[in-house]
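Participant: quick one, fold the following:
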Amino acid sequence: MPNRSWSTEAVVLSLTSFGEGHREALLLTPEHGLVRAAVFGGAKSKLKGLVSPWYRGTAWLYSDPVRKTVKATDFDVLSYRDGIREGLVRTWCASLCSEIVSRSHGVADWRLVNAFLDGIAVSDETECRLGLLRFIWRTLLTAGINPSIEWCARCGDGTKGENGVLYYSPYEDSCVCESCVRDEERRFPLSREARTYLESIVHLKPSDVRALTLGEGPYGELRIFLFFLLSRMIDGPLKTLETGEGIL
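Facilitator: The predicted structure follows:
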């Protein structure tokens, strides 16, 4: 940041209060990653009305090299995403997205985060739930920590067992088949349908993946599996998952 005053594209991930009526905004930017910026002013401040969770736009910022602080001086909103606030599932998914990006220190891709927020703002509850699974898997891919789900890590076979079920082993961070799995490893079963859905996220166009359906059973498998991987990635539980238990 060569200049004290500068601007950047940004999406507001969250707000926290400090001092007497001031707030700190956590911004995700395409070039600078995560930026924390103070938003000063009273309750009727125009700027406070513009800097709101999940709004995307151009942020004008001022950096103080002595105090090592950043403050927001203006924010030109390009997308309000009002639909997110119109449903509990939408709001919960957006909040989880914000926590994932924050806790993983901005590992999520700028385009991926914005595409996800744009999508859930206009989606029904079922589409939001599936979109969240896709977002988590793509985030794991971006971080380079997604385990192999195609073959048994011990015998190399991916077809053994009823309906080709594999079991994710946290100990080996990979999948094992019915013949190789140990009793303590059976808590993360992945049916062929569940694994095919994850593979489609990688190999198909996003529009084609959105057109796919997922049965209740495979959805439950992926929900447990991906939430576990997510907690492992950020090295601890996510508050949004704990407070939102039962929403998904």
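
Participant: send me the lengthiest strand in the chain as CSV with only the CA atoms.
Facilitator: In the chain, with assignment by DSSP state E, the single longest strand is strand 5-18. Provided in CSV are the C-alpha atoms of strand 5-18 (Å, rounded to 0.1, in the frame of the first residue of the first chain):
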residue,chain,number,x,y,z
SER,A,5,-5.4,7.0,0.7
TRP,A,6,-6.3,4.1,-1.6
SER,A,7,-9.3,2.2,-3.0
THR,A,8,-10.1,-1.4,-3.6
GLU,A,9,-12.9,-3.7,-4.5
ALA,A,10,-14.2,-5.3,-1.3
VAL,A,11,-16.9,-7.4,0.2
VAL,A,12,-17.9,-6.8,3.8
LEU,A,13,-17.7,-10.1,5.7
SER,A,14,-18.6,-8.9,9.2
LEU,A,15,-18.8,-6.0,11.6
THR,A,16,-17.8,-5.7,15.3
SER,A,17,-18.4,-2.8,17.6
PHE,A,18,-15.7,-0.9,19.5
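
Participant: tell me what the next helix or strand after that strand is packed against?
Facilitator: Sequence order places strand 22-29 as the next helix or strand after strand 5-18, per DSSP states H and E. In terms of contacts (3 or more CB pairs under 8 Å, 6 or more residues apart in numbering; DSSP states H and E), strand 22-29 is packed against strand 5-18, strand 33-39, helix 88-103, helix 110-120. Quick note: C-beta positions are derived from backbone N, CA and C, even for glycine.

Participant: could you rerun that using 7 Å?
Facilitator: For strand 22-29, the packing partners by 3 or more CB pairs under 7 Å, 6 or more residues apart in numbering; DSSP states H and E come out as strand 5-18, strand 33-39.

Participant: what angle do the shortest one and strand 5-18 make?
Facilitator: So the one you mean is strand 33-39. On the basis of axes from the mean of the first three to the mean of the last three CA atoms, to 10 degrees, strand 33-39 is oriented at 70 degrees to strand 5-18.

Participant: could you list the residues in contact with strand 33-39?
Facilitator: Applying CB atoms under 7 Å, 6 or more residues apart in numbering, the set of residues contacting strand 33-39 from outside is 22-29, 47-48, 51, 61, 69-72, 105-106.

Participant: in it, what counts as buried?
Facilitator: For strand 33-39, the neighbour count (16 or more other CB atoms under 10 Å) marks Val35, Ala37, Ala38, Val39 as buried.

Participant: and the gap between the last one and Leu132?
Facilitator: The one in question is Val39. Look at Val39 and Leu132: by CB to CB, to the nearest Å, they are 28 Å apart.

Participant: check the first one too.
Facilitator: Computed with CB to CB, the distance linking Val35 and Leu132 is 25 Å.

Participant: do the third one as well
Facilitator: Counting by CB to CB, the separation of Ala38 from Leu132 is 31 Å.

Participant: mark which of the contacts of strand 33-39 are buried, thanks.
Facilitator: Buried, going by 16+ other CB under 10 Å: 22-29, 47-48, 51, 61, 70-72, 106, out of those.
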